[in-house]
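1. Build me a model from this:
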Amino acid sequence: VGFCFLLRGSADRQPPDGRTGGGRHCCAMIGKLAVLTAVSVGLAVYVGLPWRWFSYHPLLMLLAHLALASAGIAAKRERKGRVNTMMHARAMLLATALSLGGWYVIYRQKQMLGKPHNTSYHSTAGLASIGAFCALSVSGVAGLHPDVGLLRTSGLVRSVHRLGGRAAASVSFAALASGTATIAGAPVAAALSLFLIGIAWTLLASPAGPKSSATSRHAV
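-> Numbers count the residues shown, from 1 in each chain. Below you'll find the model as predicted:
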């Protein structure tokens, strides 16, 4: 679903002269999402076996924050413009939806076992990242949509959205690493942490890419 959703976004208002290279860029983004999805599913299967109700929690969270969110951030960081803005929005909305599903799984798991909720740093970081993703999704669609966003011309709002997204992604990566440490042990968590640090440095510390020639004056 995520692949189709992002691919559909690449066709939004492409100019007829084909000078933007949007198709090639979209294929590159789909490739990155495919690789991150494979890593997420593989790790989720590793930590989730034997498969049970709880196993859907790491699966959904890894797909949301490691695969979709990373691909969505990359779409916006590597190239500006309306097409990439819409790819970013779709990926982050899907990531938010999956993270809410992952939260529901662990909420029901605790209820079934009669255990208290939100008793660890992992759960606190997870709730903070989910709440931030929800807030950023709503504010991004309502305020920064390139066509109908109420505050799409505000540089301040874009800056707050960008910095808030970086903070939310960092907290979500910390939650992924701490959760993996609890389930799979320190060696696997250390390997994942290094992988997440590399992704975070690439996505959050690197300068933004050039603006697409298809960019409208508000789609930045």
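2. so what's A125 up against?
-> A125 makes contacts with V171, S172, A174, A175, S178, as judged by Cβ atoms under 8 Å, 6 or more residues apart in numbering. Where you see a C-beta, it was placed from the backbone N, CA and C, and this is true even at glycine.
3. Is the residue nearest to it when sequence neighbours are not counted within a helix or a strand, and which one?
-> Counting by Cβ to Cβ, 6 or more residues apart in numbering, the nearest residue to A125 once its immediate chain neighbours are dropped is A175, at 4.0 Å. Using DSSP states H and E, A175 sits in helix 155-184.
4. what inclination does whatever helix or strand comes next after that helix have with respect to helix 155-184?
-> On the C-terminal side of helix 155-184, the nearest following helix or strand under DSSP H and E is helix 186-200. Calculated by axes from the mean of the first three to the mean of the last three Cα atoms, to 10 degrees, helix 186-200 forms an angle of 160 degrees with helix 155-184.
5. Centre of the chain to helix 186-200, how far?
-> Centre-to-centre, helix 186-200 and its host chain are 17 Å apart (Cα atoms, centre = their mean, to the nearest Å).
6. If you count neighbours, what's buried in that helix?
-> V188, A189, L192, S193, F195, L196, I199, A200 (16 or more other Cβ atoms under 10 Å).
7. Only C-alpha atoms, please: export that helix in CSV.
-> Output of helix 186-200 as CSV, limited to C-alpha atoms (Å, rounded to 0.1, in the frame of the first residue of the first chain):
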residue,chain,number,x,y,z
ALA,A,186,22.1,-5.7,23.8
PRO,A,187,24.0,-6.9,20.7
VAL,A,188,21.1,-6.7,18.3
ALA,A,189,20.0,-3.4,19.9
ALA,A,190,23.6,-2.0,19.4
ALA,A,191,23.6,-3.0,15.8
LEU,A,192,20.2,-1.4,15.2
SER,A,193,21.3,1.7,17.1
LEU,A,194,24.3,2.2,14.8
PHE,A,195,22.0,1.7,11.8
LEU,A,196,19.6,4.3,13.2
ILE,A,197,22.3,6.7,14.0
GLY,A,198,23.5,6.4,10.4
ILE,A,199,20.0,7.0,9.0
ALA,A,200,19.5,9.9,11.4
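8. Which other helices and strands does it contact?
-> helix 22-48, helix 155-184 (3 or more Cβ pairs under 8 Å, 6 or more residues apart in numbering; DSSP states H and E).
9. Ok, which of those helices comes nearest K76?
-> Proximity to K76 (Cβ to Cβ) singles out helix 155-184 among the helices and strands packed on helix 186-200, at 8.6 Å.
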